[in-house]
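Asks: Sharing a sequence plus its predicted fold:
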Amino acid sequence: MPSPGFCRKTSVLLSVWIGAFLLLQFVPQTRDSFPPGTPPEPAGQTVAAVEARPGNKSSGIAPIFLPPPPNLLSSFAPATETKPEPVKAAKPLKAETVQVTYKEAEAISPLRPTEPPPPARDERAVKPLRPEPEENRQAEAVGTVRPLSPEKRSEEKVAGKVPPDDRSVPPHAEAAAVTVIADASTVTEGRALLRLLEHGSGPSIEIVWPPPASTREQLFQRFKSCFGMRVALMDGGGGLYVATGRQRRPWELNLDRYSGFVRKPTGRLAADERGELKDIRAHHGGLGETSPVRVFPRRVDALLLGGLRQLVGDDYGGVAAVRAAYRMREGSVLVVGVEADGRDLPGEIDLTGAVAPACRKGGRI
């Protein structure tokens, strides 16, 4: 009778063999019977060899290694998106940068008009360029700016030709035979005569202002605003002083613009003129003895002298004294009643050609 231990071992081996056999029969069938998407159980198992019974000479069963079933989940799993490798951005070419600096531009200051150089002083200048001996300085300084003879006021008439009041005489009462109007030739000839007069060569000239005080005021304003006349004070040495500039410093007369042939009025002056002279004295102070003078632009005196030359004629170079009078007619300033060495000359000089352009455009002349 076999022992209980032997029976137990035989039973175990038989169970193992049967299980292995059944497993071999079951696995192929179940592998195809799985529904799609159902993962099979892992079958990677090793079947141990069945020990042979004692006395059994047959070879033992070799162990069978079964490959693991395929992973069905991997076939149905959604394909994972492979992230593309980020494309490295191409580095832009490094452009050559040109740094623009504005130091030079900032350093350049805007152009400014240069002040014109002072006019060259010659023998006509108010003050001599070089120091002169003491005994000759005062005489030469006085002669550099030559004033006209004193302008007579309304109390003095020129050969009875100037009526006491323009309003009492119609414009056609004294018809002039010749009216000299400014043109290029008249002004050119007058400039040459002005240079001679500034050097002391030429006749003495005396011009009378109209008699009524209201007309004198009107004429003064016209000369100042439309003809560019300046009012100044002249000391004994010929120095001119105006209401502007440094105190107690004479006015540097620009002989390229203004005439060196100044007028020296006498008698009662216009109210506005007296006010300007008062301002000049207050600005400088302590000028001592001075005389009022009037300074005109060169164009005005060139037209005046050129007109006198036409009225006098070829005898102008031999004339010693010329007298005339101002007269206003319909806004124009005329020089009438001309006498040359006491000889009456028919005609008049129209000074309208010397007025400023602003007065012409504004209809003031």
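Replies: Cool, got the structure. Values in this document were obtained by computation on a predicted structure and should not be read as measured data.
Asks: From now on I want contacts and neighbour counts done on CA atoms only, so please keep to that.
Replies: Noted.
Asks: Quick one: classify V16 as helix, strand or coil.
Replies: Look at V16: counting by DSSP: H, G, I helix; E, B strand; the rest coil, its state is helix.
Asks: same question, V180
Replies: strand.
Asks: Need the three-state assignment for the nearest residue to it once chain neighbours are set aside.
Replies: Spatial nearest neighbour of V180, chain neighbours left out: I349 (4.7 Å); criterion: Cα to Cα, 6 or more residues apart in numbering. Of the three states, I349 takes strand according to three-state DSSP.
Asks: From P292, how far out is K278?
Replies: 10 Å (Cα to Cα, to the nearest Å).
Asks: next one: P68
Replies: On the measure of Cα to Cα, P68 and P292 end up 136 Å apart.
Asks: With neighbour numbers in mind, choose between these two.
Replies: Neighbour count, other Cα atoms under 10 Å: between P68 and P292, P292 has more, with 19 against 11.
Asks: did I read that right, that one in a helix?
Replies: No. Assigned with three-state DSSP, P292 falls outside any helix and is strand.
Asks: In contact with Q310, which residues are there?
Replies: Residues near Q310 by Cα atoms under 8 Å, 6 or more residues apart in numbering: V180.
Asks: any idea how far A358 is from it?
Replies: In terms of Cα to Cα, Q310 sits 28 Å off from A358.
Asks: Output the below-cut-off pLDDT ranges for this protein.
Replies: Across the chain, the ranges flagged by pLDDT under 70 are 1-4, 26-66, 69-177, 361-365.
Asks: for W251, helix, strand, or coil?
Replies: Using three-state DSSP, the structure places W251 in coil.
Asks: give me phi/psi at it?
Replies: phi -70, psi 130 (degrees, to the nearest 10).
Asks: That one contacts A243, doesn't it?
Replies: No. Here W251 does not reach A243: they are 9.4 Å apart, not a contact under Cα atoms under 8 Å.
Asks: correct me, but G245 touches W251?
Replies: Yes. With contact defined as Cα under 8 Å, G245 and W251 form a contacting pair (7.4 Å).
Asks: Show me which of these two is the more surrounded one.
Replies: Taking neighbours as other Cα under 10 Å, G245 and W251 compare with W251 leading, 18 against 13.
Asks: Now do that one against Y258, distance only.
Replies: Applying Cα to Cα to W251 and Y258 gives a distance of 12 Å.
Asks: Same question for D350.
Replies: In terms of Cα to Cα, D350 sits 20 Å off from Y258.
Asks: neighbour count winner among those two?
Replies: A side-by-side neighbour count of D350 and Y258, using other Cα under 10 Å, places D350 first with 22 against 19.
Asks: Mind listing residues that contact stretch 347-365?
Replies: Here stretch 347-365 has contacts from 176-183, 226-228, 299-300, 303-304, 307-308, 311, 330-338, using Cα under 8 Å, 6+ apart.
Asks: ok, now with 6 Å
Replies: 176-182, 226-227, 300, 307, 331-336 (Cα atoms under 6 Å, 6 or more residues apart in numbering).
Asks: Among the residues you listed, name the ones in strands.
Replies: Of those, the ones assigned to strands by DSSP state E are T179, V180, I181, S332, V333, L334, V335, V336.
Asks: The fifth one bridge partners, please.
Replies: If I follow you right, that is V333. M328 (DSSP bridges).
Asks: number of nearby residues for it?
Replies: Using other Cα under 10 Å, V333 is surrounded by 19 other residues.
Asks: Could you check how far it is from T352?
Replies: 7 Å.
Asks: quick one: D256 from R299, how far?
Replies: D256 is 10 Å from R299, by Cα to Cα.
Asks: same thing with G347?
Replies: 21 Å.
Asks: Next: G245.
Replies: Taken as Cα to Cα, the span from G245 to R299 is 25 Å.
Asks: same thing with V333?
Replies: V333 is 15 Å from R299, where distance means Cα to Cα.
Asks: Walking through the stretch 151-300 of the chain, point out its strands one by one.
Replies: 179-181, 204-208, 230-234, 240-241, 291-295 (DSSP state E, counting those that start in this stretch).
Asks: Which one, of those, ends up nearest to T215?
Replies: Taking Cα to Cα, strand 204-208 is the member of the strands of the stretch 151-300 of the chain nearest to T215, at 12.5 Å.
Asks: Look up the closest residue to R191, ignoring the ones flanking it.
Replies: In space, and not counting its chain neighbours, R191 is closest to A302: 4.7 Å by Cα to Cα, 6+ apart.
Asks: The one you found reaches T186, doesn't it?
Replies: No. With contact defined as Cα atoms under 6 Å, A302 does not count as touching T186 (7.9 Å).
Asks: count of neighbours near E252?
Replies: Neighbours of E252 using other Cα under 10 Å come to 17.
Asks: got the contact list for the nearest residue to G306 once chain neighbours are set aside?
Replies: Using Cα to Cα, 6+ apart and skipping residues adjacent in sequence, the residue nearest G306 is G190, 3.9 Å away. Applying Cα under 6 Å, 6+ apart to G190 gives the contacts A302, L303, L305, G306.
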